[in-house]
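**Student:** Based on what follows, work out the 3D shape:
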Amino acid sequence: MIDAISAVADDALLLARTAAAMLTMPDNAYFAAISAQNPLVTVVDPPALIGGTPASRIGLDIAIRTLLGLFTGIALAFLLDYVDDTVRGRQDLEEQLGLVVLGEIPRY
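**Tutor:** Residues are numbered from 1 along each chain as shown. Sure, this is the predicted structure:
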């Protein structure tokens with residue numbers, strides 16, 4: 001299988017057709033140089049263009065992927081905050097233990 005990729009569809013198709021024509025030529029010097037068995041090459045499916053993505057669809061894909069990435073990042077931030085069980089101050093300690101804090105070391 002040969003894939004030809006180009007910014008212009010006609011150029012890719014021309015490249016694929018040329019490669020198929022060169023590989024199927026009788027007395028191909030390329031195969032004679034790499035193989036002593038003289039292989040026979042046939043084209044099963046002729047070169048054809050496979051449907052690409054239209055420009056309007058590319059813009060929509062970028063917008064959807066951007067929104068999905070932002071949503072995922074925000075959801076991950078909320079999830080990490082929800083799972084975090086770090087005690088950050090006196091009030092957190094009193095809520096978690098249900099006891100009154102008698103003293104604390106001040107932070108400078």
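
**Student:** Any idea which residue is closest to the centre of the chain?
**Tutor:** The residue lying closest to the centre of the chain (CA atoms, centre = their mean) is residue 65, at 10.8 Å.

**Student:** And the host helix or strand of that residue, what does it pack against?
**Tutor:** According to DSSP states H and E, residue 65 maps onto helix 55-83. The contact analysis (3 or more CB pairs under 8 Å, 6 or more residues apart in numbering; DSSP states H and E) places helix 55-83 against no helix or strand. All C-beta spots, glycine's among them, are computed from the backbone N, C-alpha and C.

**Student:** and after it, which helix or strand comes next?
**Tutor:** Using DSSP H and E, the first helix or strand after helix 55-83 is helix 90-97.

**Student:** what's in contact with that next one?
**Tutor:** 87, 99-101, 104 (CB atoms under 8 Å, 6 or more residues apart in numbering).

**Student:** Wait, residue 43 touches residue 22, no?
**Tutor:** No. With contacts counted by CB atoms under 8 Å, residue 43 stays clear of residue 22, the gap being 11.4 Å.

**Student:** can you list the domain ranges for this protein.
**Tutor:** 1-52, 53-99 (automatic domain parsing).

**Student:** Adding mean pLDDT and distance to residue 108, write these out as TSV.
**Tutor:** As requested, these are exported to TSV (pLDDT from 0 to 100; distance: least, CB to CB, whole Å):
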stretch	mean pLDDT	distance to residue 108
domain 1-52	78	62
domain 53-99	89	15
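
**Student:** mean confidence score for stretch 101-108?
**Tutor:** Over the span of stretch 101-108, the pLDDT mean works out to 84.

**Student:** For that stretch, measure first residue to last.
**Tutor:** Terminal residues of stretch 101-108 lie 19 Å apart, using CA to CA, to the nearest Å.

**Student:** How about residues contacting it?
**Tutor:** For stretch 101-108, the surrounding residues in contact (CB under 8 Å, 6+ apart) are 90, 93-94.

**Student:** And stretch 29-37, by the same measure?
**Tutor:** With CB under 8 Å, 6+ apart as the criterion, stretch 29-37 contacts 22-23, 38-39, 41.

**Student:** May I ask which of the residues you listed has the most neighbours?
**Tutor:** residue 23 (14 neighbours; other CB atoms under 10 Å).
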